[in-house]
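Participant: just need the structure, nothing else, for what follows:
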Amino acid sequence: MTTDKFSAQEQAFDMNTDTMKNLVRILHAREEQVKLGGGQKAIDKHHARGKMTARERIDGLLDEGSPFLEIGLFTAWEMYEEYGGAPSAGTVFGIGRIHGRDCVIVANDATVKAGAWFPITAKKNLRAQEIAMENRIPIVYLVDSAGVFLPMQDEIFPDKEHFGRIFRNNAVISSMGIPQIGAIMGYCVAGGAYLPIMSDESLIVENTGTVFLAGSHLVKAAIGEEIDNESLGGARVHSEISGVTDYRMPDDKTALQTIRDLVSKLGRRGNAGFDRIAAVAPRRPASDLFGIMPKDRSKPFDTHDLLSCIVDDQEFVEYKSDYGKSLVCAYARVDGWAVGIVANQRSIVRSGSGEMQIGGVIYSDSADKAARFILNCNQKRIPLIFLQDVTGFMIGSRAEHGGIIKDGAKMVNAVANSVVPKITFIIGNSYGAGNYAMCGKAYDPRFIFAWPSAQISVMGGAQASKTLLEIRLSQMERDGRHISEAEQQELLNSIQNSYETQMSPYYAASRLWVDGIIDPVHTRDVISYCIEIADNNPDTPRFNPGVIQT
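Facilitator: Predicted coordinates for the structure are as follows:
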């Protein structure tokens with residue numbers, strides 16, 4: 001009997017592994033597809049003009065062998081298809097090291113619609129600036145863009161979070177003492193011309209870089225003047241006549257080397273002082289994550305097993321381990337960094353009062369525990385790691401009479417007012433208010449990532465689909481229409497397919513609800529680098545426990 005049980009566990013582990021491996025295989029294939037930008041023909045055309053691609057430029061800036069944490073790779077995934085698509089929203093950005101210095105690097109991908117800005121492109125660039133401001137790290141802009149994508153100008157131009165906010169942020173970032181360097185390596189047109197020029201220093205590449213408020217065609221149409229783009233706003237003009245740019249570069253490679261030289265001379269501001277010691281390998285290999293995470297998202301598993309693949313061995317101290325068992329709260333280390341972990345427990349557990357608790361649901365005692373733990377981490381200046389696999393808060397008369405709303409509010413309040421860096425990973429379910437309480441996008445995580453197994457929505461797919469079906473049937477009945485059971489099933493399938501698409505991590509990544517989708521085996525490395533990035537900001541606010549009543 002014991003042997004049979006062990007064999008069943010092994011079989012489940014292997015099936016889980018196969019499922020996750022397939023999800024990761026799809027992830028890597030899609031990554032390679034997106035990284036081609038506008039496609040090989042567009043890349044060849046780019047090279048023929050003597051220009052490096054956006055990704056080649058970033059590689060030329062980074063220290064050899066240093067990490068590059070790309071943000072928003074899947075931005076605009078399956079969006080704007082009526083215009084031929086916009087892989088990565090025509091912009092590549094992330095954080096990497098230049099002369100050992102963590103920097104945000106933003107590069108327009110001119111192989112995608114000449115680097116034109118779609119609505120989501122503006123959101124992506126604002127995210128880049130947000131990361132630079134939150135972590136007090138330099139930002140480098142590699143500009144090669146034809147400007148706003150005119151067919152969608154009404155969705156990018158006038159609002160608070162639209163195009164103009166980027167130039168407003170340019171000014172704010174400089175006032176914060178955060179260095180900005182802009183390199184004009186292609187077209188830099190209209191409002192976009194302000195981006196590199198509002199940076200602290202600007203470079204322009206000869207023969208390929210041009211910057212002007214209006215190109216030659218518009219100039220002729222508006223005022224009748226005939227002039228070519230190079231004579232209007234090329235490198236010689238802005239280096240010798242207008243004085244708009246600071247450095248004239250003969251080619252892309254020289255421009256990138258000059259940026260590296262400028263960054264190498266930046267002064268240091270100190271750091272936040274997050275605690276780090278020598279790292280110890282986790283007790284279990286990262287590859288075990290594939291087998292621990294169930295292929296059936298309703299099946300239980302023990303979060304402690306998952307954490308044993310991520311945290312340093314023998315550095316795990318669980319807070320209130322016998323109380324509020326549907327959440328695991330613990331002090332640990334990840335690659336030597338001290339962290340506080342808040343993770344959903346999907347296994348079915350028995351609370352201290354003897355009550356059975358359904359996995360993935362947040363109960364009153366769990367919410368109370370998490371709120372107090374978050375307070376402690378803020379007081380001790382320990383970064384918080386949230387691992388989301390949550391179906392929401394507990395419902396029903398017993399939960400309501402027990403004050404679930406009050407206790408849930410405590411937890412949400414604690415997350416909202418937390419001042420230490422919060423790094424969130426959506427590893428499974430992320431439904432309803434559980435997304436908020438576990439530091440979803442609306443609660444300002446410093447970084448937020450999803451595993452390929454993630455699902456994000458206001459409620460689970462089955463419940464939502466049945467609810468939507470009931471609403472649709474009620475509307476039909478009011479209109480005097482009655483459909484057969486077969487037609488009802490067909491309608492339900494249609495609703496489920498649509499809802500499943502919107503729950504996908506790719507749907508979330510496309511809209512920048514998450515910073516990216518990662519291979520689970522990289523979780524430990526991503527946590528470590530994110531904390532290292534956050535440690536660059538010595539001005540982390542002091543925590544005021546008076547703002548939270550527990």
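Participant: low-confidence ranges in the stretch 401-550 of the chain?
Facilitator: Scanning the stretch 401-550 of the chain for pLDDT under 70 picks out 401, 459-466, 543-550.
Participant: now the helices for it?
Facilitator: For the stretch 401-550 of the chain, the helices defined by DSSP state H, counting those that start in this stretch occupy 404-417, 432-437, 461-478, 485-503, 505-510, 523-534.
Participant: so which of those is nearest P87?
Facilitator: Across the helices of the stretch 401-550 of the chain, the minimum distance to P87, taken as CB to CB, is reached by helix 505-510, at 10.8 Å. Backbone N, C-alpha and C define where each C-beta goes, glycine included.
Participant: now the helices of the stretch 401-550 of the chain as JSON lines including distance to D59 and mean neighbour count?
Facilitator: Listed next are these as JSON lines, based on distance: least, CB to CB, whole Å; neighbours: other CB atoms under 10 Å:
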{"stretch": "helix 404-417", "distance to D59": "37", "mean neighbour count": "20"}
{"stretch": "helix 432-437", "distance to D59": "35", "mean neighbour count": "22"}
{"stretch": "helix 461-478", "distance to D59": "40", "mean neighbour count": "14"}
{"stretch": "helix 485-503", "distance to D59": "34", "mean neighbour count": "14"}
{"stretch": "helix 505-510", "distance to D59": "23", "mean neighbour count": "22"}
{"stretch": "helix 523-534", "distance to D59": "18", "mean neighbour count": "22"}
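Participant: just put those in JSON lines and tack on distance to I385.
Facilitator: What follows is the helices of the stretch 401-550 of the chain, written out as JSON lines (distance: least, CB to CB, whole Å):
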{"stretch": "helix 404-417", "distance to I385": "13"}
{"stretch": "helix 432-437", "distance to I385": "15"}
{"stretch": "helix 461-478", "distance to I385": "27"}
{"stretch": "helix 485-503", "distance to I385": "23"}
{"stretch": "helix 505-510", "distance to I385": "18"}
{"stretch": "helix 523-534", "distance to I385": "6"}
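Participant: nearest to A114, out of the ones you listed?
Facilitator: If you check each of those against A114 by CB to CB, helix 505-510 wins as the nearest, at 21.4 Å.
Participant: helices and strands around the closest one, which ones?
Facilitator: Applying 3 or more CB pairs under 8 Å, 6 or more residues apart in numbering; DSSP states H and E, we find helix 505-510 packed against strand 447-450, strand 455-457, strand 516-517.
Participant: can you list contacts of it?
Facilitator: With contacts defined as CB atoms under 8 Å, 6 or more residues apart in numbering, helix 505-510 is touched by 30, 72-79, 120, 426, 450-456, 501, 514, 516-517.
Participant: swap in stretch 471-486?
Facilitator: Counting by CB under 8 Å, 6+ apart, 488, 491, 495 sit against stretch 471-486.
Participant: could you do stretch 17-29 as well?
Facilitator: The set of residues external to stretch 17-29 that reach it, using CB under 8 Å, 6+ apart, is 289-291, 293, 295, 452-453, 517, 519-520.
Participant: pLDDT of it, averaged?
Facilitator: Mean pLDDT, stretch 17-29: 97.
Participant: contact partners for F449?
Facilitator: Here F449 is in contact with 424-426, 514-518, 526 (criterion: CB under 8 Å, 6+ apart).
Participant: columns distance to A235 on top of the residues you listed, output as JSON lines?
Facilitator: Putting those into JSON lines (distance: CB to CB, whole Å) gives the following:
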{"residue": "T424", "distance to A235": "44"}
{"residue": "F425", "distance to A235": "45"}
{"residue": "I426", "distance to A235": "46"}
{"residue": "V514", "distance to A235": "39"}
{"residue": "D515", "distance to A235": "35"}
{"residue": "G516", "distance to A235": "35"}
{"residue": "I517", "distance to A235": "39"}
{"residue": "I518", "distance to A235": "40"}
{"residue": "V526", "distance to A235": "39"}
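Participant: list buried residues within those residues.
Facilitator: Among those, the ones that count as buried by 16 or more other CB atoms under 10 Å are 424-426, 514-518, 526.
Participant: which elements pack onto the helix or strand harbouring I105?
Facilitator: Using DSSP states H and E, the element containing I105 is strand 101-108. Secondary-structure packing of strand 101-108 (3+ CB pairs under 8 Å, 6+ apart): helix 54-61, strand 91-98, helix 119-135, strand 139-145, helix 252-264.
Participant: pick the most deeply packed of the ones you listed.
Facilitator: The highest average neighbour count among these, using mean count of other CB atoms under 10 Å, belongs to strand 139-145 at a mean of 27.
Participant: other SSEs contacting the next helix or strand after that strand?
Facilitator: Per DSSP H and E, strand 139-145 leads on to helix 163-175 as the next helix or strand towards the C-terminus. For helix 163-175, the elements it packs on are helix 119-135, strand 180-189, helix 194-197, judged by 3+ CB pairs under 8 Å, 6+ apart.
Participant: among these, which is nearest A255?
Facilitator: Using CB to CB, the nearest of the helices and strands packed on helix 163-175 to A255 is strand 180-189, at 5.2 Å.
Participant: neighbouring strands of the closest one in the sheet, and parallel or not?
Facilitator: For strand 180-189, the paired strands and their directions (DSSP bridges) are strand 139-145 (parallel), strand 201-205 (parallel), strand 210-212 (parallel).
Participant: what angle separates that strand from helix 252-264?
Facilitator: On the basis of axes from the mean of the first three to the mean of the last three CA atoms, to 10 degrees, strand 180-189 is oriented at 150 degrees to helix 252-264.
Participant: residue boundaries of the strands in the stretch 201-350 of the chain?
Facilitator: 201-205, 210-212, 247-249, 317-318, 327-334, 337-344, 349-350 (DSSP state E, counting those that start in this stretch).
Participant: I'd like the mean pLDDT over the fifth one, please.
Facilitator: The one in question is strand 327-334. Averaged across strand 327-334, the pLDDT comes to 98.
Participant: the fourth one now?
Facilitator: For strand 317-318, the per-residue pLDDT values average out at 98.
Participant: follow-up on the earlier one: now the two most distant members of the contacts of stretch 17-29.
Facilitator: G291 and I517 (19.8 Å).
Participant: quick check: the residue of the chain most remote from its centre vs E470, distance?
Facilitator: In the chain, the residue that sits farthest from the middle, by CA atoms, centre = their mean, is G480; the gap is 47.0 Å. To E470, G480 is 18 Å away according to CB to CB, to the nearest Å.
Participant: what's the answer for L375, then?
Facilitator: Separation of L375 from E470 (CB to CB): 42 Å.
Participant: what stretches of the stretch 201-350 of the chain score poorly on pLDDT?
Facilitator: Looking at the stretch 201-350 of the chain by pLDDT under 70, you get 348-350.
Participant: the same query, at a cut-off of 80, please.
Facilitator: Applying pLDDT under 80 to the stretch 201-350 of the chain flags residues 347-350.
Participant: also the stretch 51-200 of the chain?
Facilitator: 190-192.
Participant: how much space between A190 and G291?
Facilitator: Distance, A190 to G291, by CB to CB: 53 Å.
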